[in-house]
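Colleague: Kindly generate the corresponding structure for this input.
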Amino acid sequence: MNLMHLKYLVEVEKTGSITKAASSLFMGQPNLSKAIKEVENEVGAPIFKRISKGVEPTEKGREFLKCAKAIIQQMDKMENLFKPEVSDILNFNISVPRASYAAYAFSRFVSELDQSRRFAVNYREANSLDTINSVLEGEFAMGIIRYEEAYEDFFLSLLADKELKSEEIWDFSYLVLMSEQSELAVKETVTAADLENYIEVVHGDISVPYLSETYLKKTAAGEHNRVFVYDRGSQFNILDNVQNSFMWVSPLPESELKRNGLVQKRCTDIVKRSKDVLIQERHYHRTDEDKAFITELFKVRDELENTLKKI
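Modeller: So this is what the prediction gives:
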């Protein structure tokens, strides 16, 4: 067994297919299959099992791959200790929920970057489970996950099991977002009865533990007509153009509301509390850019907290 074989196995897990892994590794499939078999013979247990869409790790295989990733990561760190600095590129990457306040903080962060330096910034919006996996795989250095109070035990247990460090950013109540042309926009607050005949806009890929997405959509359909979207641009367009639509959201900055012709209201008889939590690998050391973004994020949160006192 050698380091290259470990990298082969990690790539197979990442792609879920020996064929795809062989292609990305620029090698023949028979050679990759042979390498996998050699490792399995050496450890005395199968690492992958075949499924309808390709392959997936066995239970023992998952444990093996977790160790393999740790070895690869440590080897990379050791090699980098003796590599000269060949680039002055500033790098920043983070995976976040579809939260307008986070996007607003991110835009302010980017505006403050040193324009005299080259930089590569990667900002992705995704659901919580995808974000956790992305941080574990090393695709993103940090992530922000969002979960409702009812699922806090699950997520805290998951983070502990994956040995991820977490820091609470915001514990908030959802607001009702709607067009400023909506009949409800003139009300100081709205009620569940006000929303009965309205169309609810929902993010279609929200992952809730141990409940399938199909099940969630079926149960949700009984309460309101629903439109499932997958990006913030679509949600704003629907809310603006379909005046009898609404959406449960984390608080938005005033500038975002005005730009999209929207208003946000409290709902007096439905309280939906959620948390946004920053996650990272336990031994990851934040860069100056990481710290600058987090500072901006907390600033925006505090500004919104002050605005909410007026609603």
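
Colleague: contacts and neighbour counts: CA atoms only from here.
Modeller: Will do.

Colleague: In the stretch 1-150 of the chain, where is pLDDT below threshold?
Modeller: Across the stretch 1-150 of the chain, the ranges flagged by pLDDT under 70 are 80-87.

Colleague: which stretches of it form helices?
Modeller: Under the criterion DSSP state H, counting those that start in this stretch, helices of the stretch 1-150 of the chain are mapped to 3-15, 18-24, 29-43, 59-81, 100-111, 128-136.

Colleague: Tell me which of the ones you listed sits most buried.
Modeller: Highest mean neighbour count of the helices of the stretch 1-150 of the chain: helix 128-136, a mean of 20 (counted as mean count of other C-alpha atoms under 10 Å).

Colleague: circling back: Throw the helices of the stretch 1-150 of the chain into a markdown table and include distance to L252, thanks.
Modeller: Shown next, in a markdown table, are the helices of the stretch 1-150 of the chain (distance: least, C-alpha to C-alpha, whole Å):
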| stretch | distance to L252 |
| --- | --- |
| helix 3-15 | 36 |
| helix 18-24 | 41 |
| helix 29-43 | 50 |
| helix 59-81 | 38 |
| helix 100-111 | 6 |
| helix 128-136 | 20 |
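
Colleague: Of all those, which one is nearest Y174?
Modeller: Among these, helix 100-111 comes nearest to Y174, with 12.7 Å by C-alpha to C-alpha.

Colleague: who does the closest one touch, helix- and strand-wise?
Modeller: Here helix 100-111 touches helix 288-308, going by 3 or more C-alpha pairs under 8 Å, 6 or more residues apart in numbering; DSSP states H and E.

Colleague: what's next to the helix it packs on, contact-wise?
Modeller: With contact meaning C-alpha atoms under 8 Å, 6 or more residues apart in numbering, helix 288-308 is reached by 91-92, 101-102, 104-106, 108-109, 169-170, 251-253.

Colleague: Which two among those are spaced furthest apart?
Modeller: N91 and P251 (28.8 Å).

Colleague: out of those two, which sits in the more crowded spot?
Modeller: Applying other C-alpha atoms under 10 Å to N91 and P251 shows that P251 carries more neighbours, namely 23 against 13.

Colleague: so what's the nearest residue to that one once chain neighbours are set aside bridging to?
Modeller: Setting aside the residues directly before and after it, P251 is nearest to L175 in space (C-alpha to C-alpha, 6 or more residues apart in numbering), at 6.3 Å. Taking DSSP bridges, one finds V249 as the beta-bridge partners of L175.

Colleague: thought L252 was touching S100?
Modeller: Yes: when contacts are counted by C-alpha atoms under 8 Å, L252 is listed as touching S100 (5.9 Å).

Colleague: Below-threshold pLDDT in the stretch 151-300 of the chain: ranges please.
Modeller: Residues of the stretch 151-300 of the chain meeting the criterion pLDDT under 70: 205-223.

Colleague: swap the cut-off to 80 and go again
Modeller: The stretch 151-300 of the chain contains residues with pLDDT under 80 at 204-224, 231-232.

Colleague: which residues of it fall in helices?
Modeller: Under DSSP H, counting those that start in this stretch, the stretch 151-300 of the chain gives helices at 152-161, 192-195, 213-221, 232-241, 254-260, 288-308.

Colleague: Can I get the ones you listed in a markdown table including mean neighbour count?
Modeller: Formatted as a markdown table, these follow (neighbours: other C-alpha atoms under 10 Å):
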| stretch | mean neighbour count |
| --- | --- |
| helix 152-161 | 13 |
| helix 192-195 | 12 |
| helix 213-221 | 12 |
| helix 232-241 | 17 |
| helix 254-260 | 13 |
| helix 288-308 | 16 |
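
Colleague: Switch those over to TSV; also include distance to S179.
Modeller: Putting these into TSV (distance: least, C-alpha to C-alpha, whole Å) gives the following:
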stretch	distance to S179
helix 152-161	31
helix 192-195	13
helix 213-221	22
helix 232-241	5
helix 254-260	8
helix 288-308	18
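
Colleague: which stretch among those helices comes nearest I144?
Modeller: Minimum separation from I144 across these (C-alpha to C-alpha) falls at helix 288-308, 10.6 Å.

Colleague: how distant is that closest one from the center of its chain?
Modeller: 18 Å (C-alpha atoms, centre = their mean, to the nearest Å).

Colleague: That one to helix 100-111, inter-axis angle?
Modeller: Relative orientation of helix 288-308 versus helix 100-111 (axes from the mean of the first three to the mean of the last three C-alpha atoms, to 10 degrees): 130 degrees.

Colleague: Residues in contact with stretch 187-202: which ones?
Modeller: With contacts defined as C-alpha under 8 Å, 6+ apart, stretch 187-202 is touched by 184, 223-229, 235, 238-239, 244-248, 265-270, 311.

Colleague: Just the buried subset of those, please.
Modeller: Applying 16 or more other C-alpha atoms under 10 Å to the contacts of stretch 187-202, the neighbour count classes 184, 226-227, 235, 238-239, 244-248, 265-267 as buried.
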